[in-house]
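1. Build me a model:
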Amino acid sequence: MKLRAALVLLVALVLTILESVIPHLLHLKTARPDLLLIVVLYLALRDDVMEGAALSAAVGYLSDLTSATPAFLYTFLAVLTFVVVRTAGAALRTEGGIQSAAVAFGASLGHSLLATLIFGFFTGAGMHFELGPMFWSAFGTALAAPLVFAVLRRVDAGFQHGEEAPGGLR
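-> Numbering: from 1, shown residues only. Alright, predicted model coming up:
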């Protein structure tokens, strides 16, 4: 499982880089897909509680490193999102496709609203809800969700076969 965790974090690191570069390449000023949120959603729907929460915290920390927000805001939100989605997980089972896009859209809106509330509360900046960029970010996150789910399922598939076959990935 240590190798799998390292690979998930490597995928998250690549997504962090893409998340930073895509807005500049596409000239997006306010809206961007939240690719790391999709990783947290995948972990909440697939992993066991301890490993998933720990990986979600690490993914949230990667998001903290690339944002200009109070320290550990996205780490906290990633673990909170993991817990909420994990709790509702029985109703949200998804293998990807349109289901993962719908879950990602809703989670992105909730995540953005909560981040705005917490950021405004702790910084004294006030509550500035810009619904247009929130919806566009949620839409971009929903579009990217099936692809990110497919990449992470592929990582997991290597480990499922590895447990069954001698000499496979462990």
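2. CA only for contacts and neighbour counts going forward, please
-> OK.
3. what's the distance between V84 and A91?
-> With distances taken as CA to CA, to the nearest Å, V84 is found 12 Å from A91.
4. Which one's more surrounded, those two?
-> For V84 versus A91, neighbours defined as other CA atoms under 10 Å are more numerous around V84 (14 against 9).
5. Who are the contact partners of the most centrally placed residue in the chain?
-> Nearest residue to the geometric centre of the chain (CA atoms, centre = their mean): L37, 1.8 Å. The contact partners of L37, by CA atoms under 8 Å, 6 or more residues apart in numbering, come to A78, A104, S108.
6. just checking, the second one touches V148?
-> No. In this structure, A104 is not within contact of V148 by CA atoms under 8 Å, at 10.8 Å.
7. tell me, what's touching those two both at once?
-> Joint contacts of A104 and V148 (CA under 8 Å, 6+ apart) are I38.
8. higher neighbour count, the two?
-> A104 (30 against 22).
9. Can you give me the buried ones in the host helix or strand of that one?
-> Taking DSSP states H and E as the definition, A104 sits inside helix 97-123. Residues of helix 97-123 classed as buried: 99-109, 111-113, 115-119 (neighbour count, 16 or more other CA atoms under 10 Å).
10. Tell me the helix or strand right after that helix.
-> Going down the chain from helix 97-123, the next helix or strand is helix 131-164, by DSSP H and E.
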